[in-house]
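Chemist: The amino acid sequence is not available; the structure is as follows:
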């Protein structure tokens, strides 16, 4: 565990700074600590770099603390209230995932991009960012360098998306529920969706629920793509993301109202810190040079996909939800 401590302390200190800046700027500019944290992470990574001794702790924050933070966030949920959204949201999640995977392959042909690389960009955009890319890479037998490139681009676009969505949240006529659905259904990674959704106090829970519904799509998509890309018909299957199940269990417990209020408050506080640290870690992983050196065509493909997805879902949600 000692090897993780330097990186964890480093990320925690950036988190504390993010919260201080949030308080200091609150009367002038409404930026959440999560948004400030990701900006600080990107600036530090691409200006000063990241010491090797910090790397393990940063990765631990992103891979482990994020999942724990999401599970603890479940204790803040009320599924009875969320159920009032109806089946339209779940149907839209399925429609978005399927549409993105079809559209990204059409874009891949237009930009003359390798089919597997385009598919990785698609699953990263439609399911759960870098996690989906890493999980699906062996399923479709994609090259490791394609996986790294896809992760870099999706992480970069997600970071930009958080900043853009947070700014839009201030001026958009969307209700909190609409904005939460939009953030949860269109932003790439779990951390991205949560950071943007919590830019509005009343949108975070809905955004988290919608995003978790997208994460659940990882399993059926991995089976289908495994079959498509492996002619033998025996595609490898990505493992079920167990933290999603724990999140749902926590939400059920919370909805039943059987936990003392002080425990709910404690879990919520810990969740806020863990997600903030994960968000900062994600910013620390964004490498502008890697993205620039690997080819503009893939960057343009990713930008086009994200722009179309964001704009279309924005107006669909504004009209039908």
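Modeler: Arrived safely, thanks for sending. Computed from a predicted model, the values in this text were never measured in an experiment.

Chemist: Give the closest residue to the most centrally placed residue in the chain in space, chain neighbours not counted.
Modeler: Closest residue to the average C-alpha location of the chain: residue 189 at 1.8 Å, with CA atoms, centre = their mean. When the adjacent residues along the chain are set aside, residue 189 lies closest to residue 129, with 2.6 Å between them (CB to CB, 6 or more residues apart in numbering). Every residue, glycine included, has its C-beta placed from N, CA and C.

Chemist: quick one: residue 87 and residue 95, what's the gap?
Modeler: Distance, residue 87 to residue 95, using CB to CB, to the nearest Å: 12 Å.

Chemist: correction: residue 80
Modeler: 25 Å.

Chemist: more crowded one of these two?
Modeler: Higher neighbour count among residue 80 and residue 95: residue 95, with 13 against 9, using other CB atoms under 10 Å.

Chemist: element containing the more buried one, please.
Modeler: helix 87-110 (DSSP states H and E).

Chemist: Any buried residues in that helix, and which?
Modeler: For helix 87-110, burial by neighbour count (16 or more other CB atoms under 10 Å) applies to 89, 92, 93, 96, 97, 100, 101, 103, 104, 105, 107, 108.

Chemist: Would you enumerate the residues in contact with residue 211?
Modeler: 128, 183, 184, 185, 187, 190, 193, 194, 197 (CB atoms under 8 Å, 6 or more residues apart in numbering).

Chemist: taking those one by one, which sit in helices?
Modeler: Using DSSP state H, the subset of the contacts of residue 211 located in helices is 183, 184, 185, 190, 193, 194, 197.

Chemist: is it possible to export those residues to a markdown table including distance to residue 11, neighbour count and pLDDT?
Modeler: Formatted as a markdown table, these follow (distance: CB to CB, whole Å; neighbours: other CB atoms under 10 Å; pLDDT from 0 to 100):
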| residue | distance to residue 11 | neighbour count | pLDDT |
| --- | --- | --- | --- |
| 183 | 23 | 33 | 96 |
| 184 | 25 | 27 | 95 |
| 185 | 28 | 26 | 95 |
| 190 | 17 | 32 | 83 |
| 193 | 20 | 31 | 91 |
| 194 | 16 | 27 | 88 |
| 197 | 21 | 31 | 93 |
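
Chemist: Quickly find the element holding residue 41.
Modeler: helix 33-47.

Chemist: right, and residue 96 touches residue 312 too?
Modeler: No - look at residue 96 against residue 312 with CB atoms under 8 Å: they stay out of range, at 9.0 Å.

Chemist: burial measure for residue 111, as a count.
Modeler: Neighbour tally, residue 111, other CB under 10 Å: 17.

Chemist: One more: residue 187?
Modeler: Here the number of neighbours of residue 187 (other CB under 10 Å) works out to 30.

Chemist: can you pull out the helices in the stretch 101-250 of the chain?
Modeler: Here the stretch 101-250 of the chain has its helices, by DSSP state H, counting those that start in this stretch, at 115-123, 129-136, 144-171, 176-186, 190-197, 204-216, 218-229, 242-256.

Chemist: so which of the ones you listed is the most packed in?
Modeler: Across the helices of the stretch 101-250 of the chain, averaging neighbours per residue (mean count of other CB atoms under 10 Å) puts helix 190-197 on top, at a mean of 31.

Chemist: tell me the angle it makes with helix 144-171.
Modeler: 10 degrees (axes from the mean of the first three to the mean of the last three CA atoms, to 10 degrees).

Chemist: Any idea which of the helices of the stretch 101-250 of the chain gets closest to residue 5?
Modeler: Nearest to residue 5 among these is helix 190-197; the distance by CB to CB comes to 21.9 Å.

Chemist: and the closest one, what other elements does it pack with?
Modeler: If contacts are counted by 3 or more CB pairs under 8 Å, 6 or more residues apart in numbering; DSSP states H and E, helix 190-197 sits against helix 33-47, helix 66-73, helix 129-136, helix 144-171, helix 176-186, helix 204-216, helix 261-285.
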